[in-house]
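In: Sequence first, predicted coordinates after that:
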Amino acid sequence: MAKYKLLKAQKEFLEVPHKSGLDVALYQGGYGSGKTWSGSLLGILLCLRYKGIKGLVGAQTFPLVRDTTLVTYLEHLEALGFKENRDYFFKKSESKLIFKNGSEILFRSLDEPGKIKSLNLGFVEIEEMSDTKESTFKMLLGRLRQAIKPEWKELGFQYRLFGHTNPEPDKGWLYKVFNSSKVNYRKLIASTTENTFLSDSFVESLKDAYDEDYYNINVLGQDGDYSSGLVVKGFSNCNKTSCEGIECKHCTKSNVKTVNYFPDMDLHITCDFNVDPMSWALAHKTEDKVFFFDEIVIENTTTEKTCEEFLRRYPKHTGKIIINGDASGDNRSTASEFTNYATIKNTLKDFGYIDNVEFKLKGFNPRIKSRVAAFNSKVLNLKGIRCVFVDHKCKWVIYNLENLKYKVGTSLIDAPSHHQIKQSKELKFLMHIYDAISYLVDFYWPIKIEQPEKE
């Protein structure tokens with residue numbers, strides 16, 4: 001049987017420091033800070049202490065609660081020496097754990113709250129609470145109404161709702177609720193760096209992966225407002241002024257510099273297929289850096305015409321041509337019998353580019369906040385290293401990196417409306433070329449981290 005050594009934050013999370021009949025606790029921490037591990041352990045301890053208690057473990061999607069939280073519960077039971085069909089039973093068809101003492105834990109999706117409104121519960125655990133709506137949270141508080149047994153009272157029973165999460169990128173409802181003065185509402189912040197069970201290389205890898213704001217929130221576990229202001233953090237266009245009037249090809253202060261095209265190197269075309277404007281960016285890349293040397297941004301056009309413009313500019317490329325970009329570009333275009341990518345392939349083939357064309361696309365587009373995080377980590381990471389470089393002639397790429405903003409008070413990118421575009425035509429060029437370049441960056445350098453060691 002395993003003996004657990006708890007971290008300071010984990011111990012505080014398990015214990016209740018007040019006498020209220022209801023405890024509401026949030027374990028907020030960075031990646032690998034032991035959040036799910038602690039929540040699952042608490043659920044098991046409550047089931048063992050209060051015989052016959054019924055608990056609910058929920059997440060916004062069932063795959064999350066099944067593949068993450070349930071797995072951690074089963075790992076705990078094995079480590080604690082519990083045997084299935086002796087000490088506990090798992091009914092897969094009902095997604096329910098039943099303990100020998102009559103305690104039960106239901107594993108459910110929270111995307112349809114109406115299906116769990118009739119439950120009478122002794123405790124609730126919410127996986128990745130920031131994904132849950134505040135209305136669902138309040139409804140679950142109302143489900144904590146299981147009849148209290150006399151023997152529970154002697155053991156100091158308290159209804160408990162607890163959850164764990166990475167911090168929200170903006171100060172949403174969790175911040176409001178758990179920064180209140182209510183004595184029975186608790187928030188514990190645990191940074192990844194405080195987890196002594198993690199390897200030094202794991203923590204160090206996060207500094208390479210993230211920009212400063214993302215690191216503060218998702219590693220240090222701090223409340224923040226990552227979504228305030230500009231979408232692209234750390235982008236610098238020194239315009240030669242930082243280099244004492246002389247452009248320095250090795251300048252570490254600027255993401256904008258002269259980027260040369262090499263006909264024998266791999267040429268990446270990364271695409272966004274908006275018709276007005278169609279926005280493509282052209283780049284070379286190395287193992288850890290990307291160099292955007294040109295852009296093709298054309299109003300009121302087609303994929304075929306944009307491809308023809310590429311061929312006009314680069315008719316004698318001898319290296320590979322690698323197509324990246326919007327995964328939805330593989331869908332059938334309304335303006336053509338071919339998909340956008342099939343159109344590119346056929347146009348290049350007709351021109352003579354046959355054996356040196358490759359397509360490297362994801363099966364689906366990633367969440368935009370994942371794409372933003374991946375791009376920002378390459379623009380400037382926590383160690384001050386820049387890995388995205390843009391040539392001066394990429395007018396609309398630079399315009400996007402310097403002007404694309406979030407909607408005030410939200411984590412949504414502020415795409416201009418038709419009315420705003422009528423007032424200022426240049427606004428129509430926001431978003432699309434940024435989508436194109438961030439698709440490429442996310443494809444080759446998505447935000448991911450090495451698997452942490454078990455706590």
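Out: That came through, no problem.
In: And for residue 424, the neighbour number?
Out: 9 (other CB atoms under 10 Å). All C-beta atoms are positioned from the backbone trio N, CA, C, and that covers glycine.
In: Sorry, slip of the keys, the one I care about is residue 328.
Out: The burial count for residue 328: 13, using other CB under 10 Å.
In: So the nearest residue to it once chain neighbours are set aside: helix, strand or coil?
Out: Nearest residue to residue 328, sequence neighbours excluded (CB to CB, 6 or more residues apart in numbering): residue 365, at 6.4 Å. When classified by DSSP: H, G, I helix; E, B strand; the rest coil, residue 365 comes out as coil.
In: now for the helix or strand where residue 138 lies, which elements pack on it?
Out: Using DSSP states H and E, residue 138 sits in helix 134-142. If you count contacts as 3 or more CB pairs under 8 Å, 6 or more residues apart in numbering; DSSP states H and E, helix 134-142 packs onto strand 123-127, helix 173-178.
In: for the helix or strand following it, what is the average pLDDT?
Out: Downstream of helix 134-142, the first helix or strand assigned by DSSP H and E is helix 150-154. Taken as a whole, helix 150-154 has a mean pLDDT of 95.
In: Which SSE is immediately downstream of helix 150-154?
Out: In N-to-C order, the element after helix 150-154 by DSSP H and E is strand 159-165.
In: how about that following strand: buried residues?
Out: In terms of neighbour count (16 or more other CB atoms under 10 Å), strand 159-165 has its buried residues at 159-165.
In: gap between the residue nearest the centre of the chain and residue 195?
Out: Note on the chain: the residue nearest the mean C-alpha position is residue 370, at 4.2 Å, using CA atoms, centre = their mean. Going from residue 370 to residue 195 by CB to CB, to the nearest Å gives 23 Å.
In: before we move on, what about residue 213?
Out: Residue 213 is 21 Å from residue 195, by CB to CB.
In: Model confidence for the residue nearest to the centre of the chain, exactly?
Out: Residue 370 is assigned 84 on the pLDDT scale.
In: show me where the stretch 151-300 of the chain has strands.
Out: Counting by DSSP state E, counting those that start in this stretch, one finds strands in the stretch 151-300 of the chain at the ranges 159-165, 185-190, 267-272, 278-285, 290-298.
In: would CSV of those with mean pLDDT and distance to residue 229 be doable?
Out: Conversion of the strands of the stretch 151-300 of the chain to CSV gives the following (pLDDT from 0 to 100; distance: least, CB to CB, whole Å):
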stretch, mean pLDDT, distance to residue 229
strand 159-165, 95, 23
strand 185-190, 90, 24
strand 267-272, 96, 23
strand 278-285, 97, 23
strand 290-298, 97, 23
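In: Out of those, the one nearest residue 413 is which?
Out: In terms of CB to CB, the element of these nearest to residue 413 is strand 267-272, at 13.6 Å.
In: gap between that closest one and the chain center?
Out: 23 Å (CA atoms, centre = their mean, to the nearest Å).
In: For that strand, which strands pair with it and how are they oriented?
Out: strand 278-285 (antiparallel), strand 321-325 (parallel) (DSSP bridges).
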